[in-house]
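Peer 1: The sequence isn't on hand, but the structure is:
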């Protein structure tokens with residue numbers, strides 16, 4: 001018996017994962033997304049075989065505790081439907097902190113960019129623990145020397161309000177750099193003076 005071929009339609013979905021949702025693990029997030037997709041009644045494409053699974057691709061999971069402003073995954077459907085209706089219907093069934101921002105159909109299959117060349121743009125917000133500490137001169141911090149080999153680019157440090165500092169930078173997606181090591185790279189900014197209040201992934205490039 002010949003297998004019936006079903007056409008696949010790929011939709012690239014951009015969402016944010018913020019607030020308390022940042023503490024949801026990647027596997028739990030996938031379960032939440034699959035549940036919302038099922039409740040929304042989307043015509044999902046399933047893999048073939050003895051254990052069919054919902055076809056979706058989310059190659060760059062967020063670490064637990066890190067917020068995401070523009071998280072991207074691909075969803076495969078077996079029917080072409082308006083992209084706006086996908087976003088609208090999914091948001092009805094997603095919890096607070098997880099929200100679909102944009103949906104677009106991919107006419108020609110273009111996999112989400114992968115490999116060691118992928119850069120993730122991050123913003124780290126630091127809270128000063130001792131209000132009596134003198135604010136350091138960030139321009140004198142030997143960042144590049146200490147972080148050499150961690151592929152950290154485009155570092156920008158801003159004093160945003162009393163006791164708070166915001167650092168934006170780009171990092172290789174598979175880097176093992178930890179927040180504490182990054183702080184040590186800022187010389188006088190160590191974990192005895194500052195603590196990491198928030199980390200947000202802004203984009204992938």
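Peer 2: The structure has been received and is ready for your questions. What you see is a predicted model; the values in this text were computed from it and never measured.
Peer 1: Other residues contacting the longest helix along the chain?
Peer 2: In the chain, with assignment by DSSP state H, the single longest helix is helix 26-39. By CB atoms under 8 Å, 6 or more residues apart in numbering, the residues outside helix 26-39 that reach it are 17, 24, 44, 54, 56, 58, 61-62, 73, 75, 90, 92-95, 98. Heads up, the C-betas are built off the backbone N, CA and C, glycines and all.
Peer 1: Check which strands are paired with the next helix or strand after it and give the direction for each one.
Peer 2: Sequence order places strand 56-57 as the next helix or strand after helix 26-39, per DSSP states H and E. If you go by DSSP bridges, strand 56-57 pairs up with strand 67-77 (antiparallel).
Peer 1: Need the mean per-residue confidence for the partner strand.
Peer 2: Computed over strand 67-77, the mean pLDDT rounds to 93.
Peer 1: what's it in contact with?
Peer 2: Contacts for strand 67-77 (CB under 8 Å, 6+ apart): 8-19, 22, 33, 37, 42-45, 55-58, 60, 62, 86, 101, 106, 111-112, 198-204.
Peer 1: Which of the residues you listed fall in helices?
Peer 2: 33, 37, 86.
Peer 1: how near is residue 101 to residue 9?
Peer 2: Noted for residue 101: a distance of 20 Å to residue 9, by CB to CB, to the nearest Å.
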